[in-house]
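1. This is the structure alone, sequence omitted:
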């Protein structure tokens, strides 16, 4: 059996200096995301979403980023899912991208709000038909007796809506408005580069280096 304590990796691909990093964290994120996509990494758009429920119990799951701009990071989900219920109870959340092959991590923290109905509609109707039916068929995060429940639901909603399923009222977008970003670049001897950006009281980005 492999001893986990013996697993080692030396991070030597790149560095992250203050001079090279963009002063705007969104632009720095865009640069790194573009490089991850160009490197043809598996699912470079996958990010871990961390939420906390009303009793302060945390949970995480992987979701897919569907947009980003000055207003925030956007993804779509079922509002009745566990993450949806937790965001309703506590709208503060964290995101993390881990691009293993590039030895990079991006961490983002901030407040989450639902996007507009029009924005949710626009994305929903851009999805493949089976994904739109799936949004109706899956009572996300609820206990079901077997997979046949999903298959039966998909068949029922497919027959009901045919080629034009509307957006379910329980499904739509979320947007995290960041107030903190961290960019982590692996370095040799575990002396990693960590640059954090945080908003000050004047809504200006302050960049500072963190010890690894």
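-> That came through, no problem. Note that the coordinates shown come from a computational prediction; the quantities given were computed from them, not determined experimentally. Numbers count the residues shown, from 1 in each chain.
2. Could you pull up phi and psi at residue 132?
-> phi -70, psi -40 (degrees, to the nearest 10).
3. Check the gap between it and residue 154 for me.
-> Relative to residue 154, residue 132 is positioned 11 Å away (C-beta to C-beta, to the nearest Å). (C-beta placed from N, C-alpha, C; glycine too.)
4. same thing with residue 160?
-> Plainly put, residue 160 is 11 Å away from residue 154 if you go by C-beta to C-beta.
5. Tell me who's in contact with the residue positioned nearest the centre of the chain.
-> With distances taken as C-alpha atoms, centre = their mean, the residue of the chain nearest its centroid is residue 47 (3.7 Å). Residue 47 makes contact with 62, 63, 64, 65, 73, 75, 95, 96, 97, according to C-beta atoms under 8 Å, 6 or more residues apart in numbering.
6. Which members of those residues are positioned in strands?
-> If you go by DSSP state E, the contacts of residue 47 have 62, 63, 64, 73, 75, 95, 96, 97 in strands.
7. and those as a markdown table, adding pLDDT and distance to residue 13?
-> Listed next are the ones in strands among the contacts of residue 47 as a markdown table, based on pLDDT from 0 to 100; distance: C-beta to C-beta, whole Å:
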| residue | pLDDT | distance to residue 13 |
| --- | --- | --- |
| 62 | 98 | 23 |
| 63 | 98 | 26 |
| 64 | 98 | 25 |
| 73 | 98 | 25 |
| 75 | 98 | 28 |
| 95 | 98 | 23 |
| 96 | 98 | 19 |
| 97 | 98 | 16 |
